[in-house]
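Chemist: Requesting a structural model of the entry that follows:
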Amino acid sequence: MGYSSMAHALISYVESHLENFDINKMSESFGFSQTYLRELFLKNVKIPIMKYLKRRRITTSAFEILHSNKKIIDIAFENGFSNHESYTRAFQKIFGMSPSEFRKNRPIIGGKQLAAGVFGLERLNSREKRSDEFIMNNNNTMLYGIRKIEQGAYESNTMFPICIKAVSEYLGDDVSYAYIMAATGAAFRLVWNQVSWDLSNIDIFHTLTESNDIYQLGAKALGREFTFLGRDEDTKKEEFITYIKSNIANGYPVIALGIIGPPEPCIVAGYESDGNTLAGWNFFQNDPEFSSAIRSMDNGYFLCDTWWENTDTQAVMCIGAVSDTPCSDKKIVQMASDIMTARNEHTYAKGIKAYDAWKSMLTDEKWFENNTSFDSLFSKLLVQNDAMVCICDGRKWAARFFKELSEKYGEAEQPICRKIEQHFNKVSQIAGEMMSLIGDWNDTEKMIRNLRNRSIREKLGILIDSARAEDKSAYEQINLLLESL
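Modeler: Modelled structure (predicted):
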């Protein structure tokens with residue numbers, strides 16, 4: 001495949017329009033007739049444009065076959081095929097097997113360089129990418145095909161694991177979201193600041209000890225290299241740009257804290273203007289509060305020129321090449337025990353102890369006196385909601401992780417895993433009951449009235465105690481499991 005700047009432009013356009021490609025619009029965009037455009041594409045890319053499009057759609061559909069539970073016929077329809085038979089024939093011609101065999105055998109699909117500065121989904125021979133295969137494009141490089149991150153992606157609302165999962169898929173790793181939630185520690189955490197209603201309670205930074213080391217757990221679980229660059233008062237924009245460009249040039253997406261809006265994780269999937277403009281997915285890219293200066297690419301990626309001026313852009317990190325075997329199940333289970341252990345760190349109560357601190361502040365009338373302002377109550381509502389979502393989402397996936405473990409091990413471990421699964425599922429259900437007591441976000445004022453209502457807070461306290469008891473039972477079973485693994 002050619003590596004000319006024209007090939008870059010042509011391939012980039014098609015890759016960013018796989019779902020809604022229209023050759024008439026492409027002709028208009030390039031200012032060429034359709035006839036000349038077809039000739040130009042064939043000359044530079046060495047394949048007819050419509051044949052290229054069909055092949056790329058099938059490859060993208062193969063990625064969906066691996067990483068979704070959708071019916072194959074639905075995937076075929078979504079990728080422009082009118083019936084199962086034509087899709088199967090086209091699929092088999094490219095991959096040498098039927099779509100159903102592909103789902104069963106699970107070959108590797110991940111990002112691969114298609115032209116200088118353009119990466120897209122392709123079949124890979126192995127999980128490892130070799131940097132010496134790639135040709136650098138300093139001004140503009142884009143990794144197409146990274147799954148969109150948003151609330152509800154993978155049936156979850158926990159941002160960092162969602163980013164890790166989307167990146168791991170793009171790199172060709174085939175692991176469940178339950179595994180990602182467990183391996184990052186997100187499935188087992190609960191933290192509560194005992195001196196204030198702290199919106200940072202759910203920051204992954206607090207999961208174990210206050211250290212950026214927590215971010216590398218996902219990379220270690222995947223058996224991949226990990227690098228991290230934080231921002232302090234002496235850090236230069238050029239350092240971030242160099243870091244981002246060097247990793248993306250080698251086909252590795254970058255996870256950043258910030259870029260758009262608050263210092264929450266997002267994915268940098270590419271850059272323009274020699275790194276001054278960043279592209280990718282961000283949970284806040286469509287939020288009116290933050291999106292006024294944001295542009296969108298045709299495939300949905302954000303384009304942001306003001307990412308460095310955003311002082312909440314705090315760090316960039318990268319999960320890179322395969323370097324080791326993934327973490328053992330025992331290490332992840334041990335980490336779960338460490339995270340859930342009752343303890344104090346600075347002003348934070350962590351693990352099982354966080355439940356006591358949470359209930360204590362929730363039922364202490366001094367925080368909810370009649371002269372408490374609306375803003376103060378709203379802030380407390382956000383903290384309360386974060387805690388409920390944390391255990392509702394986290395323990396749901398913790399339960400699924402131990403269900404997966406129960407299917408891997410023998411008679412000695414299976415009953416323990418199933419008990420842990422049951423306890424964690426119960427915690428998730430209890431969190432759902434808490435949310436019902438508070439109300440939903442269609443009526444914020446009612447939610448605040450409910451939070452101020454002492455009788456409702458006392459009921460919430462009882463549910464917190466119930467969740468604590470189930471978590472404690474799960475914790476005890478986890479330690480029992482460790483003895484047999």
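
Chemist: And the strands in the stretch 201-350 of the chain?
Modeler: Along the stretch 201-350 of the chain, the stretches classed as strands by DSSP state E, counting those that start in this stretch are 224-230, 254-257, 265-272, 277-281, 295-296, 302-304, 315-322, 343-345, 348-350.

Chemist: helices and strands around the fifth one, which ones?
Modeler: Using 3 or more C-beta pairs under 8 Å, 6 or more residues apart in numbering; DSSP states H and E, the elements in contact with strand 295-296 are strand 302-304. Where you see a C-beta, it was placed from the backbone N, CA and C, and this is true even at glycine.

Chemist: Name every strand pairing with the strand it packs on and say which way it goes.
Modeler: Applying DSSP bridges, strand 302-304 is found paired with strand 277-281 (antiparallel), strand 295-296 (antiparallel).

Chemist: Now do the same contact list for Asn247.
Modeler: Shown in contact with Asn247 (C-beta atoms under 8 Å, 6 or more residues apart in numbering): Thr227, Pro253, Val254, Cys318, Gly320.

Chemist: no wait, Lys220
Modeler: Taking C-beta under 8 Å, 6+ apart as the test, what Lys220 contacts is Ala183, Phe226, Asp324, Pro326, Cys327.

Chemist: from the strands paired with strand 302-304, which stretch is densest packed?
Modeler: Mean neighbours per residue, mean count of other C-beta atoms under 10 Å, is largest over the strands paired with strand 302-304 for strand 277-281, with a mean of 25.

Chemist: can you list contacts of it?
Modeler: 142, 146, 148-150, 166, 244, 253, 259, 266-272, 297, 300-305, 307.

Chemist: Nearest spatial neighbour of Cys151, chain-adjacent residues omitted?
Modeler: To be clear, residue 151 is Gln; Cys isn't right here. Spatial nearest neighbour of Gln151, chain neighbours left out: Asn157 (5.4 Å); criterion: C-beta to C-beta, 6 or more residues apart in numbering.

Chemist: so how far is Ile149 from the one you found?
Modeler: 11 Å (C-beta to C-beta, to the nearest Å).

Chemist: Those two: which has the busier surroundings?
Modeler: Ile149 (22 against 16; other C-beta atoms under 10 Å).

Chemist: In terms of pLDDT, where does that one sit?
Modeler: The model reports Ile149 with a pLDDT of 96.

Chemist: Pull up the distance across stretch 318-327, start to finish.
Modeler: 18 Å (C-alpha to C-alpha, to the nearest Å).

Chemist: again with stretch 165-183
Modeler: 11 Å.

Chemist: Please compute how far that stretch lies from its chain's middle.
Modeler: 9 Å (C-alpha atoms, centre = their mean, to the nearest Å).

Chemist: Ok, stretch 69-78 next?
Modeler: For stretch 69-78 - counting by C-alpha atoms, centre = their mean - the centre lies 23 Å from the chain centre.

Chemist: How about stretch 28-37?
Modeler: That offset, for stretch 28-37, works out to 38 Å (C-alpha atoms, centre = their mean).

Chemist: Could you work out the end-to-end span of that stretch for me?
Modeler: 10 Å.

Chemist: Which positions within that stretch qualify as buried?
Modeler: Phe30, Leu37 (16 or more other C-beta atoms under 10 Å).

Chemist: for stretch 256-265, same thing?
Modeler: Under 16+ other C-beta under 10 Å, the buried positions of stretch 256-265 are Ala256, Leu257, Gly258, Ile259, Ile260, Gly261, Pro263, Glu264, Pro265.

Chemist: got the contact list for it?
Modeler: Contacts for stretch 256-265 (C-beta under 8 Å, 6+ apart): 159-160, 163, 255, 266-268, 278, 280, 282-285, 287, 289-291, 294, 302, 304, 307, 310, 312-317.

Chemist: Please repeat the previous calculation with a cut-off of 6 Å.
Modeler: 159-160, 163, 255, 266, 268, 282, 284-285, 290, 304, 307, 310, 312-316 (C-beta atoms under 6 Å, 6 or more residues apart in numbering).

Chemist: Quick one: mean pLDDT for it?
Modeler: Stretch 256-265 comes out at a mean pLDDT of 96.

Chemist: likewise stretch 216-226?
Modeler: 93.

Chemist: Tell me where the stretch 351-485 of the chain has helices.
Modeler: Per DSSP state H, counting those that start in this stretch, the stretch 351-485 of the chain carries helices over the ranges 352-362, 374-406, 414-438, 444-452, 454-484.

Chemist: got these as TSV, with distance to Ser86 and mean pLDDT columns?
Modeler: Formatted as TSV, these follow (distance: least, C-beta to C-beta, whole Å; pLDDT from 0 to 100):
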stretch	distance to Ser86	mean pLDDT
helix 352-362	55	98
helix 374-406	36	96
helix 414-438	42	97
helix 444-452	50	94
helix 454-484	49	97
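
Chemist: Can you lay out the strands paired with strand 302-304 as TSV showing distance to Asp364?
Modeler: Below are those laid out as TSV (distance: least, C-beta to C-beta, whole Å):
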stretch	distance to Asp364
strand 277-281	40
strand 295-296	46
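
Chemist: which stretch among the ones you listed comes nearest Lys51?
Modeler: strand 277-281 (27.5 Å; C-beta to C-beta).

Chemist: Tell me which residues of stretch 149-158 come out buried.
Modeler: Buried residues in stretch 149-158 (16+ other C-beta under 10 Å): Ile149, Ala153, Tyr154, Ser156, Asn157, Thr158.
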